[in-house]
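> attaching a predicted model along with its sequence, questions to come.
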Amino acid sequence: MSSPSPSQPIRRVWIDDGCISCNLCEDLAPEVFEVPVGADCQVRPGYRERLADYAVEAQVVEAAESCPTEVIRLERD
Ligand code: SF4
């Protein structure tokens, strides 16, 4: 199975089990990730529209690559 090309747009973002609520993803991509006090990270409602902004998409990729527990999942077309 080949991996999706990074040039394809991100269609879906989700968080697998194992988040340690470190806040890094919200610091890097605050328009997409939210880490409520005392809870695991969440993907903000309406995030898909924000992914159309190339800068936001780049922040999401950086967050996924930087997550210490590697639980941020991205799905491309
Ligand atoms: S960077 Fe990863 S571990 Fe940290 S809050 Fe975000 S999803 Fe959770």
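Ah, there it is.
> other SSEs contacting the helix or strand hosting residue 62?
Per DSSP states H and E: residue 62 is located in helix 54-66. Here helix 54-66 touches strand 10-15, helix 24-28, strand 72-76, going by 3 or more CB pairs under 8 Å, 6 or more residues apart in numbering; DSSP states H and E. Backbone N, C-alpha and C define where each C-beta goes, glycine included.
> what about 10 Å?
Helices and strands touching helix 54-66, by 3 or more CB pairs under 10 Å, 6 or more residues apart in numbering; DSSP states H and E, are strand 10-15, helix 24-28, strand 33-34, helix 47-50, strand 72-76.
> and residue 56, which of the ones you listed is closest to it?
Closest approach to residue 56 among the helices and strands packed on helix 54-66 is made by helix 47-50 (4.9 Å; CB to CB).
> what does the closest one rub up against?
Identification of contacts with helix 47-50 by CB atoms under 10 Å, 6 or more residues apart in numbering yields 9-13, 29, 31-34, 44, 56-57, 59-60.
> which one of those is nearest to residue 72?
Distances from residue 72 to these, taken by CB to CB, are shortest for residue 13, at 7.1 Å.
> surely the closest one meets residue 60?
Yes: look at residue 13 against residue 60 with CB atoms under 10 Å: they come within range, at 6.2 Å.
> need the overlap of contacts for these two.
With CB under 10 Å, 6+ apart as the test, residue 13 and residue 60 both reach 25, 29, 32, 33, 43, 47, 51, 72, 74.
> can you pick out the most distant pair from these?
25 and 51, at 14.2 Å, using CB to CB across these.
> sorry, back to before: of the helices and strands packed on helix 54-66, which is nearest the ligand?
Closest approach to the ligand among those (CB to the nearest ligand atom): helix 24-28, 3.3 Å.
> packing partners for the closest one?
Using 3+ CB pairs under 10 Å, 6+ apart: helix 24-28 touches strand 33-34, helix 54-66.
> can you put those in CSV and add distance to residue 18, mean neighbour count and mean pLDDT?
Supplementary listing: the helices and strands packed on helix 24-28 in CSV, determined by distance: least, CB to CB, whole Å; neighbours: other CB atoms under 10 Å; pLDDT from 0 to 100:
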stretch, distance to residue 18, mean neighbour count, mean pLDDT
strand 33-34, 15, 20, 98
helix 54-66, 14, 16, 97
